[in-house]
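In: Fold the following for me, if possible:
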Amino acid sequence: MPYQWVDTAQKTDRQLILRPHRSLPRQGFFWFILVTFGVITIPLYPLLGTFVLWGLLPFLLLTVAGLWWALEHSYFTGKLREELTITPAAAYLRRVEPNGTVLEWDSKTYWTKVHLHPQGGPVDSYLTLKGNGREVELGAFLSEDERKALYVEVSDALRLVVSMRGR
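Out: Residues are numbered from 1 along each chain as shown. Below is the predicted model:
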């Protein structure tokens, strides 16, 4: 799962870390580009020594460069990170954008509500947190099934922390 609950020093607190899923590790990136380059040059072998080779070669190299750029961009956007901390007093959401910009939101835990919007949001099963007069998205980069599962987990965590508040 691209999200995980982590243990905190306080047993009453819950912390959730969310990151976009990346299925291709850096070593796989190297091999993918190398194999793609090798396969894409196969049609050029019969053209060795002709002027047609020089006409096709730039387009094939542009294709490999485009793949390289797209995968690098994917790694860059993969730096996105969301951290949700739920304490008996407050719920905090901290989102670190790929460029390093930090966005923060907080609300009293008792008044924090989690909503799953089946339709009408930027994505199906849009997950939001509402409190302190604002509504913020949570895990928009997750798949629809992951957002549905996360909705249940965050709702349970909020309920658990609020119920432990009086103890």
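
In: CA only for contacts and neighbour counts going forward, please
Out: OK.

In: Next up, the contacts around the most centrally placed residue in the chain.
Out: Taking C-alpha atoms, centre = their mean, the centroid of the chain lies closest to P20, which sits 2.0 Å from it. By C-alpha atoms under 8 Å, 6 or more residues apart in numbering, P20 lies in contact with 2, 78-81, 141-142.

In: any idea whether it is helix, strand or coil?
Out: coil (DSSP: H, G, I helix; E, B strand; the rest coil).

In: how close does it sit to E82?
Out: Using C-alpha to C-alpha, to the nearest Å, we find P20 at a distance of 9 Å from E82.

In: isn't E97 right next to E83, touching?
Out: No: using C-alpha atoms under 8 Å as the test, E97 is too far from E83 to be in contact (11.6 Å).

In: who's more crowded, the two?
Out: Between E97 and E83, E83 has the larger neighbour count (other C-alpha atoms under 10 Å), namely 21 against 16.

In: so that one sits in a helix?
Out: No: residue state for E83 (three-state DSSP) corresponds to strand; a helix is not indicated.
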